[in-house]
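**Q** Let me see the structure of the following:
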Amino acid sequence: MTVRPFVDFYRKHAISPVAQDISDFPMHVERRASLYRLLGIPPTAVTGKDLIEFGPGSGYNAVATARFGPRSYVFVDGNPTGIAHLKNLIARYAPGLDYRAETAYIDEYHSDDRYDLVICEGVIPFQFDPPYFARRVA
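**A** Numbering: from 1, shown residues only. Predicted structure coming up:
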């Protein structure tokens, strides 16, 4: 049996421990836009593109990214509680977003779809075998 310390704990206790104060939503979106620019990805590069995000947690960062206008957005997370929180945030902050949320372990997820941008923020370093996990996500 594969052990996934974080996700297994979150599932067992039906929690999603990731939360942010996004009460100033425009500022939250600007912080994310600044991060993307720092990474060499202008937010306009997301506009009209197909995205996949592995480990979106409760979706706080995803709703900001959704404001950049992707064509489609797929979320993959092994924590059903996080996915539920993500859906609630999308309904509130990005109601027109074309998205699909998959409750699946990231290392077991498979899709033949192609994406313009793959996001996997804050997940890889905490895996038992980060190089394998990064290859799997890629």
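**Q** Give me the phi and psi for the residue nearest the centre of the chain.
**A** A centroid search over the chain (Cα atoms, centre = their mean) returns Pro56, at 2.6 Å, as the residue closest to the centre. Per-residue torsions, Pro56: phi -70, psi -10 (degrees, to the nearest 10).
**Q** just the one 10 residues further on next, same as before
**A** Backbone torsions of Ala66, given as degrees, to the nearest 10, read phi -60, psi -30.
**Q** Next, the contact list for the residue nearest to the centre of the chain, please.
**A** By Cβ atoms under 8 Å, 6 or more residues apart in numbering, Pro56 lies in contact with 62, 75-77, 82, 86, 119. C-beta here means a position set from N, CA and C on the backbone, and glycine is covered the same way.
**Q** Where strands are concerned, which of the residues you listed count?
**A** Assignment to strands by DSSP state E places the following of these there: 75-77, 119.
**Q** Which one (most neighbours) among these?
**A** Neighbour tally across the ones in strands among the contacts of Pro56 (other Cβ atoms under 10 Å): the maximum, 28 neighbours, falls on Asp77.
**Q** For Ala94, see how far away it is.
**A** Computed as Cβ to Cβ, to the nearest Å, the Asp77 to Ala94 distance reads 17 Å.
**Q** go on, Pro70?
**A** Pro70 sits 10 Å away from Ala94, going by Cβ to Cβ.
**Q** okay, and the common contacts of these two?
**A** Joint contacts of Pro70 and Ala94 (Cβ under 8 Å, 6+ apart) do not exist.
**Q** where along this protein do the helices fall?
**A** 5-13, 25-38, 60-66, 80-93, 130-137 (DSSP state H).
**Q** Comparing the ones you listed, which stretch has the densest surroundings?
**A** Comparing those by mean neighbour count (mean count of other Cβ atoms under 10 Å), helix 60-66 ranks first with a mean of 24.
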